[in-house]
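K.L.:
From the sequence below, what's the structure:
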Amino acid sequence: MNNGVHGVELGVFVFFFLLVTVMGFVAARWRKADNAHSLDEWGLGGRSFGTWITWFLLGGDLYTAYTFVAVPAAIYAAGAAGFFAVPYTILVYPLIFTFLPRLWSVSHKHGYVTTSDFVRGRFGSKGLSLAVALTGLLATMPYIALQLVGIQAVLDVMGLGGGADSNVFVKDLPLLIAFGVLAAYTYSSGLRAPALIAFVKDALIYIVIAVAIIYIPIKLGGFDQIFAKAGDAFAQTNPATGKPRGALAPPEAGQWTYATLALGSALALFMYPHSITATLSSRSRDVIRRNTTILPLYSLMLGLLALLGFMAIAAGVKVQNGQLAIPALFDQMFPDWFAGVAFAAIGIGALVPAAIMSIAAANLFTRNIYKDFIKPDATPAQETKVSKLVSLLVKVGALVFVLTMDKTVAINFQLLGGIWILQTFPALVGGLFTRWFHRWALLAGWAVGMVYGTLAAYGVASPTNPGQKHFGGPAAAIPGLGDMGYIGLTAFVLNVVVTVVLTFVLKAVKAPEGVDETKPEDYTADAGDPGVEVELPPATAGASH
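P.N.:
All right, here's what the predicted structure looks like:
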């Protein structure tokens with residue numbers, strides 16, 4: 001999809017890219033720490049962010065470039081089934097209101113940087129902690145890769161990606177430059193960089209959505225015309241499958257899939273390491289509670305964003321890769337200068353979460369693999385240095401993933417990431433409310449959920465691409481029911497059943513349960529409470545907070 005470089009669009013895109021690059025490096029001096037050589041400072045922004053900074057940071061973290069591109073692309077491809085993202089982001093906020101403040105309190109009290117830190121401290125199990133850490137790393141890598149896919153889609157539409165026959169280096173040079181800049185300011189500024197840039201990213205996205213939801217329907221003759229054209233398009237037979245392309249509303253047979261996908265995705269969202277990293281950067285429990293009440297504003301934006309999929313159909317957008325549908329719609333409908341603004345919103349919308357994800361993955365490796373198993377006596381400075389280096393390696397891995405593999409593979413691995421990360425829910429959320437679960441039972445339940453989820457996803461063929469025999473979708477028949485449902489939620493139920501049954505067995509035989517280093521009052525403590533300062537482990541003593 002290359003008709004030459006679009007100069008005006010590119011100029012506007014470059015302007016905003018340079019702006020956030022400068023902000024990324026300036027962030028190192030914003031709220032400057034007394035001692036930057038600790039993960040509290042580099043990886044969690046000093047645990048000092050207030051309500052609005054946290055809101056922008058979490059919004060920039062959760063509503064990514066992939067969201068901007070993929071949600072309407074799913075609707076463009078198959079119809080309203082893609083709207084599952086809207087109810088799941090509504091379901092998630094009452095859920096996290098119940099447990100995120102408890103996680104913040106206990107993490108602040110004991111100096112936990114990752115969810116694996118908490119799991120190790122709560123259950124006295126390095127093995128369970130390692131399982132949670134490895135799951136987080138596996139689930140995060142393809143997520144970072146998909147942010148780069150979002151940037152690549154924008155560059156392609158602007159004519160910067162080069163043609164299919166272009167020299168490989170020339171074709172990928174713009175993406176390499178974007179990656180290099182991202183890596184540099186993340187290394188320099190840590191979590192403060194995406195926190196500062198998130199202001200620009202979210203402002204641009206809200207402006208673009210507000211304009212698009214008014215301007216594009218006017219040009220297309222109104223929503224009646226848009227839905228009529230979309231309905232006609234979905235009714236047409238897909239020659240590859242012999243079935244209708246999609247539907248304006250999910251058919252009855254797809255309602256279990258829709259509901260379980262929404263519920264499972266809601267349970268999984270705040271299991272991702274980057275979600276927790278942004279949460280732990282907050283300065284108090286009240287900041288977390290307030291954010292769970294105002295973050296649904298992003299869901300309103302997401303609902304409007306999803307409608308762009310119908311608009312792309314009504315506008316006659318034709319693309320082989322559905323990920324290009326919305327960039328192509330903007331390119332077709334907007335004046336060049338505003339299309340550049342929209343592309344900048346998508347591009348910056350990739351940089352913010354990619355930075356947070358790489359930091360979160362690096363923190364997991366440093367605290368729960370390097371420190372727990374390689375160098376237990378690592379100093380705060382050594383931890384920070386390792387985390388910075390690993391954040392670079394994670395980005396390199398994601399870049400290699402994008403440049404060497406088909407985009408469908410990246411999406412397949414993201415599908416697996418959601419299934420995998422949901423299997424950490426019993427250990428994390430269960431552990432926040434009860435110590436009843438046995439650590440070995442939790443590990444066995446996690447293993448069962450991981451194996452079942454992976455094998456079930458492997459056995460799913462694509463309903464729209466006859467050539468794709470594996471990892472073709474998120475749903476499979478629910479054992480015992482026969483209805484189609486989200487694989488991740490089925491795996492989660494199996495996980496919980498195994499955990500509960502084995503806990504009864506292990507308690508009956510009096511298997512050793514490990515030492516719980518937390519106390520009941522730790523889960524309700526706030527930053528201003530007497531004696532509630534971060535209790536750093538011996539190896540991290542002296543770190544600035």
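K.L.:
Only C-alpha atoms, please: export the helix or strand A184 falls within in CSV.
P.N.:
Per DSSP states H and E: A184 is located in helix 168-189. Written as CSV, here are the backbone C-alpha positions of helix 168-189 (Å, rounded to 0.1, in the frame of the first residue of the first chain):
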residue,chain,number,x,y,z
VAL,A,168,15.1,-4.5,3.5
PHE,A,169,17.2,-1.9,5.3
VAL,A,170,15.5,1.0,3.5
LYS,A,171,12.0,-0.5,4.0
ASP,A,172,12.5,-0.9,7.8
LEU,A,173,14.7,2.2,8.5
PRO,A,174,11.8,4.4,9.8
LEU,A,175,10.8,1.7,12.3
LEU,A,176,14.4,1.2,13.3
ILE,A,177,14.7,4.9,14.0
ALA,A,178,11.5,4.9,16.1
PHE,A,179,12.8,1.9,18.0
GLY,A,180,16.2,3.5,18.7
VAL,A,181,14.6,6.7,20.0
LEU,A,182,12.2,4.7,22.2
ALA,A,183,15.0,2.6,23.6
ALA,A,184,17.2,5.6,24.3
TYR,A,185,14.8,7.7,26.3
THR,A,186,13.4,4.7,28.2
TYR,A,187,16.9,3.7,29.2
SER,A,188,17.6,7.3,30.3
SER,A,189,14.4,8.3,32.0
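K.L.:
Sort out which residues of it are buried, please.
P.N.:
171-175, 178-179, 181-183, 185-189 (16 or more other CB atoms under 10 Å). Heads up, the C-betas are built off the backbone N, CA and C, glycines and all.
K.L.:
Contacts for it next, please.
P.N.:
17, 21, 24-25, 27-28, 148, 151-152, 155, 160-163, 193-194, 347, 351, 354-355, 358-359, 388, 391-392, 395-396, 399, 402-403 (CB atoms under 8 Å, 6 or more residues apart in numbering).
K.L.:
Can you select the buried ones from those in ChimeraX?
P.N.:
To isolate the buried members of the contacts of helix 168-189 in ChimeraX, using 16+ other CB under 10 Å:
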select :17,21,24,27,28,148,151,152,155,160,161,162,193,194,347,351,354,355,358,359,388,391,395,399,402,403
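K.L.:
Among the contacts of helix 168-189, which lie within helices?
P.N.:
Among those, the members found in helices (DSSP state H) are 17, 21, 24-25, 148, 151-152, 155, 193-194, 347, 351, 354-355, 358-359, 388, 391-392, 395-396, 399, 402-403.
K.L.:
Show me how far stretch 197-217 is from its chain's centre.
P.N.:
20 Å (CA atoms, centre = their mean, to the nearest Å).
K.L.:
again, but for stretch 300-318
P.N.:
Using CA atoms, centre = their mean, the offset of stretch 300-318 from its chain centre is 22 Å.
K.L.:
same thing with stretch 219-231?
P.N.:
Relative to its chain's centre, stretch 219-231 lies at 32 Å (CA atoms, centre = their mean).
K.L.:
Buried ones in it, by neighbour count?
P.N.:
L220, I226, K229, A230, G231.
K.L.:
Need those in a markdown table (columns: secondary structure and distance to G45).
P.N.:
Shown next, in a markdown table, are those (DSSP: H, G, I helix; E, B strand; the rest coil; distance: CB to CB, whole Å):
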| residue | secondary structure | distance to G45 |
| --- | --- | --- |
| L220 | helix | 43 |
| I226 | helix | 42 |
| K229 | helix | 47 |
| A230 | helix | 43 |
| G231 | helix | 47 |
